[in-house]
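S.K.: With the input below, show me the fold.
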Amino acid sequence: MFGKKKEKLFGNNIEINCKYCANSTDFDGADVCTLGRYLQPDGSCSRFSYDPLKRSPNNLPPLKRYRADDFKL
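M.R.: Below you'll find the predicted structure:
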């Protein structure tokens, strides 16, 4: 009851952005979400619900190039 506050699955500091909201559309030029609210440019919304499947992962850094000499003993 008075214990430690639980941390959410993806952290408590998720950036509020309409692109990642479960109520957002596919952004094909639509300015209204599924709740009938207009999308805010700053992403502020009291009905924000994070959907991790709408986030695209960052690109991985390029792999280091190895030479044949690196694998000789």
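
S.K.: quick one, what contacts the closest residue to residue 34 other than its chain neighbours?
M.R.: The spatial neighbour of residue 34 that comes closest, neighbours along the chain excluded (C-beta to C-beta, 6 or more residues apart in numbering), is residue 23 at 4.8 Å. All C-beta spots, glycine's among them, are computed from the backbone N, C-alpha and C. Residues near residue 23 by C-beta atoms under 8 Å, 6 or more residues apart in numbering: 33, 34, 35, 47, 49.

S.K.: Any of the residues you listed buried? List them.
M.R.: Under a neighbour-count criterion of 16 or more other C-beta atoms under 10 Å, the subset of the contacts of residue 23 counted as buried comprises residue 33.

S.K.: what about the residue nearest to residue 34, distance to residue 51?
M.R.: Spatial separation of residue 23 from residue 51 under the definition C-beta to C-beta, to the nearest Å is 9 Å.

S.K.: repeat for residue 57
M.R.: For residue 57, the distance to residue 51 (C-beta to C-beta) stands at 14 Å.

S.K.: ok, these two, which is more surrounded?
M.R.: Set residue 57 next to residue 51 and count neighbours by other C-beta atoms under 10 Å: residue 51 wins out with 13 against 5.

S.K.: residues of stretch 50-69 that come out buried?
M.R.: Of the residues in stretch 50-69, those with enough neighbours to count as buried (16+ other C-beta under 10 Å) are residue 50.

S.K.: can you give me the end-to-end distance of that stretch?
M.R.: End-to-end distance of stretch 50-69: 48 Å, with C-alpha to C-alpha, to the nearest Å as the criterion.

S.K.: likewise stretch 14-34?
M.R.: The first residue of stretch 14-34 is 21 Å away from its last residue (C-alpha to C-alpha).

S.K.: next one: stretch 38-53
M.R.: Criterion C-alpha to C-alpha; first-to-last residue distance in stretch 38-53 is 22 Å.

S.K.: ok, now stretch 17-25?
M.R.: 13 Å.

S.K.: Could you do stretch 17-36 as well?
M.R.: As for stretch 17-36, its first-to-last residue distance stands at 16 Å under the measure C-alpha to C-alpha.
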